[in-house]
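In: just to be clear, the model below is a prediction. Sequence and coordinates:
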Amino acid sequence: MSAPTVPNLLRDHLSDLAMNDARLDGRGQYEGREINLETGILPRAEGSARVTMGNTIVLAGVKFQLMTPYPDRPNQGGLMCSCEVRPIAGRHWEAGPPSPESIELGRVVDRGIRESGCIDVDDLCIIPGEKAWQVILDLHAISDDGNLFDAFALAGIAALRSAIIPAEKFEVGEDSPLKVSKKPIMCSYHKVGGRFVYDASYKEELGGDERIHITLGDDDHVHSLQKGLKGIFTADEFASIMEHAKKRCAELRELMD
Amino acid sequence: MGGYGDVQMIDENGLRMDGRKPGDVRPITIETGVVPVADGSCRMVWGTNEAIVAVYGPMEAHPRKIQKQDRAVIDVAYNMAPFSTTDRIRPGFNRRSREISKVTQDALESVVLLELYPRSKIRVSIEIISAEAGTRCVGLTAASVALADAGIPMTDLVVSVASGKVNDVVVCDLNKEEDNYGEADLPMGILPNTGELVFLQMDGDLSPEEFKQAWDYNVEAALQVHKLMVEALKGGAKQ
């Protein structure tokens, strides 16, 4: 991503709005955009989801490959999460090798899903030491109007939950649904105009400062955290967004059923 | 162009595996305005192919060495999503995608009125979300709709269709099996209003008569698809 020039006018405007507890698009501080989640939308993927959050649109697709288990973990398969933000997603995304931004995106989403333990890698083993499933989750942005993190995380877990292991195609048994035991959900907060807001739009990201991503699993267990970009925040600020994240994650978990 | 007639793909009634007659095109749906942050966009579902195209620009052309003093450049990026095929595609550089991007760019630069935007760049991103056969045709056709949706002046839309040969029968708009086991593939990019061509490739084996038939099928199909493109653009016109 080329570094776009941030107009001071935009920053000032966002500060003024924050002072009056307002946002660019009229939302409240912790109000998210409308979310639409569809699964099973990609005919060639074994599991898939499309998430629309306002003007942000992302796709997630799950594919399976056979792998040889690593020598130190002969009873385990693998989970890989790869994220690509290609130039289609916005004029600020450019072609070329993955940018640090898109690598961070993929890794943060990956950690939330992996660390929640929602996929039991022991379960992916077919023949110990010889054959196991590698689950590959590919995240693909179509339209970036901010907060790709949350959109990717939601699409990712929804796609995994819809995935069918294509055992017949690989001649290693019968097709069966991939077991996903938990529902890790990410909530992201951006410091805009001096305060944290939930689900920032692209303009808010552009004129804002640091961001914090929180992934909570079932029972509000914390699975991944990430602070990104330049900025300083206090323990009190963190406590209040954590409080909101708990409520919001529970709502989104229901959306998935 | 795999086997040579070892797979039976035309039945005794002359119908194809998916029930089409030799000259029939797969079902097509076209939608515009599908990438809200783009200046123009198009989603095209053609059989089980699905392409999403976004157009950005005209915008500043950089790096500066790509600028043309008297006209715009079109920067086309064709890409297949990792989950678009039966076996996952590893993301990253790929010779096939580069070639398709280039020929698509050459085709689009032939219709866009580039001289209206000197020193600028028009970015066309083609993402194949689901691939069956003929993704380059779907990509190019959808790209011309997306350019029109972005309000970029063009002499004509481009309709791209491929015909080929399976079991010695010339058929229009090859599906996956026909593409894999067929004996020839002739994709063309046609300007529906003049019948001129801006894109042409071919591989395989066609006799002069078969070549003529494949060519005619493509022209006929292009006129049909063009109607759908115009409808989509009129229906999806931004207020």
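Out: Nice, thanks for sending it over. Residues are numbered from 1 along each chain as shown, chains lettered A, B, ... in the order given.

In: tally of neighbours for the closest residue to chain A within chain B?
Out: For chain B, the residue closest to chain A is B:Phe83, as judged by CB to the nearest CB, at 2.7 Å. (C-beta placed from N, C-alpha, C; glycine too.) When neighbours are defined as other CB atoms under 10 Å in any protein chain shown, B:Phe83 has 28 of them.

In: return the distance of the closest residue to it other than its chain neighbours relative to A:Gly40.
Out: Leaving aside its chain neighbours, B:Phe83 sits nearest to A:Gly61 (2.7 Å; criterion: CB to CB, 6 or more residues apart in numbering or on different chains). With distances defined as CB to CB, to the nearest Å, the gap from A:Gly61 to A:Gly40 amounts to 11 Å.

In: what do you get for A:Lys63?
Out: Using CB to CB, A:Lys63 is found at 15 Å from A:Gly40.

In: who's more crowded, those two?
Out: Ranked by neighbour count (other CB under 10 Å), A:Lys63 and A:Gly40 place A:Lys63 first, with 25 against 15.

In: return the distance of the more buried one relative to B:Pro58.
Out: A:Lys63 sits 37 Å away from B:Pro58, going by CB to CB.

In: thinking again about what came up before, for the residue of chain B closest to chain A, pull up the helix or strand it's in.
Out: Here B:Phe83, judged by DSSP states H and E, is contained in no helix and no strand.

In: isn't it up against A:Ser48?
Out: Yes. In this structure, B:Phe83 is within contact of A:Ser48 by CB atoms under 8 Å, at 6.9 Å.

In: quickly list what the closest residue to A:Ile241 other than its chain neighbours is bridged to.
Out: Once flanking residues are discounted, A:Ile241 sits nearest to A:Tyr189: 4.7 Å by CB to CB, 6+ apart. For A:Tyr189, the beta-bridge partners are A:Tyr198, A:Ile212 (DSSP bridges).

In: who's in contact with A:Tyr189?
Out: A:Phe196, A:Val197, A:Tyr198, A:Ala200, A:Arg211, A:Ile212, A:His213, A:Ile214, A:Ile241, A:His244, A:Ala245 (CB atoms under 8 Å, 6 or more residues apart in numbering or on different chains).

In: before we move on, what's the pLDDT of the third one?
Out: Right, the one you point to is A:Tyr198. We have a pLDDT of 97 for A:Tyr198.

In: residues touching it, list them.
Out: Neighbouring residues of A:Tyr198 by CB under 8 Å, 6+ apart: A:Gln29, A:Tyr30, A:Glu31, A:Gly32, A:Cys187, A:Ser188, A:Tyr189, A:Ile241, A:His244, A:Arg248.

In: with secondary structure and pLDDT added, can I get those in a markdown table?
Out: Putting these into a markdown table (DSSP: H, G, I helix; E, B strand; the rest coil; pLDDT from 0 to 100) gives the following:
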| residue | secondary structure | pLDDT |
| --- | --- | --- |
| A:Gln29 | coil | 94 |
| A:Tyr30 | coil | 95 |
| A:Glu31 | coil | 96 |
| A:Gly32 | coil | 95 |
| A:Cys187 | strand | 97 |
| A:Ser188 | strand | 97 |
| A:Tyr189 | strand | 97 |
| A:Ile241 | helix | 95 |
| A:His244 | helix | 96 |
| A:Arg248 | helix | 95 |
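
In: just to revisit the earlier point, contacting residues for the residue nearest to B:Phe83?
Out: So A:Gly61 contacts A:Leu42, A:Arg44, A:Ala45, A:Gly47, A:Ser48, A:Leu137, A:Asp138, A:His140, A:Ala159, B:Ala81, B:Pro82, B:Phe83 (CB under 8 Å, 6+ apart).

In: now the residue most central in space within chain B, nearest residue through space, not along the chain?
Out: Central residue of chain B (CA atoms, centre = their mean): B:Cys137, 2.1 Å from the mean position. Of all residues not flanking B:Cys137 in the chain, B:Ser160 sits nearest, at 3.9 Å (CB to CB, 6+ apart).

In: likewise A:Lys191?
Out: Using CB to CB, 6+ apart, the closest residue to A:Lys191 is A:Asp209 (4.2 Å).

In: overlap in contacts of B:Phe83 and A:Ser48?
Out: Common neighbours of B:Phe83 and A:Ser48 (criterion: CB under 8 Å, 6+ apart): A:Leu42, A:Gly61, A:Val62.

In: how far does stretch A:221-229 sit from its chain's centre?
Out: Chain-centre distance of stretch A:221-229: 12 Å, with CA atoms, centre = their mean, to the nearest Å.

In: pull out the buried positions in that stretch.
Out: By neighbour count on 16 or more other CB atoms under 10 Å in any protein chain shown, the buried set for stretch A:221-229 is A:His223, A:Ser224, A:Gln226, A:Gly228.

In: swap in stretch A:210-218?
Out: A:Arg211, A:Ile212, A:His213, A:Ile214, A:Thr215, A:Leu216, A:Gly217.

In: over to stretch A:169-183?
Out: Buried residues in stretch A:169-183, counted by 16+ other CB under 10 Å: A:Leu178, A:Val180, A:Lys182, A:Lys183.

In: among these, which two are most distant?
Out: Pairwise distances across the buried residues of stretch A:169-183 peak at 13.8 Å for A:Leu178 and A:Lys183 (criterion: CB to CB).

In: and of the buried residues of stretch A:169-183, the nearest to B:Glu109?
Out: Using CB to CB, A:Leu178 is the member of these that lies nearest B:Glu109, at 45.1 Å.

In: got the contact list for the closest one?
Out: A:Glu46, A:Gly47, A:Val62, A:Ile119, A:Val135, A:Leu160, A:Arg161, A:Ala163, A:Ile164, A:Ile165.

In: of those, closest to chain B?
Out: Closest to chain B, out of all of the contacts of A:Leu178 and judged by CB to the nearest CB, is A:Val62, at 7.3 Å.

In: what about the closest one, neighbour count?
Out: Using other CB under 10 Å, A:Val62 has 25 neighbouring residues.

In: do I have it right that A:Ala49 meets A:Asn36?
Out: No. Between A:Ala49 and A:Asn36 there is no contact under CB under 8 Å: 10.7 Å.

In: these two: which is more packed in?
Out: A count of neighbours by other CB under 10 Å puts A:Ala49 above the other of A:Ala49 and A:Asn36, at 28 against 12.

In: ok, the more buried one to A:Ala158 distance?
Out: In this view, A:Ala49 and A:Ala158 are 4 Å apart by CB to CB.

In: again with A:Arg50
Out: Taking CB to CB, one finds A:Arg50 at 9 Å from A:Ala158.
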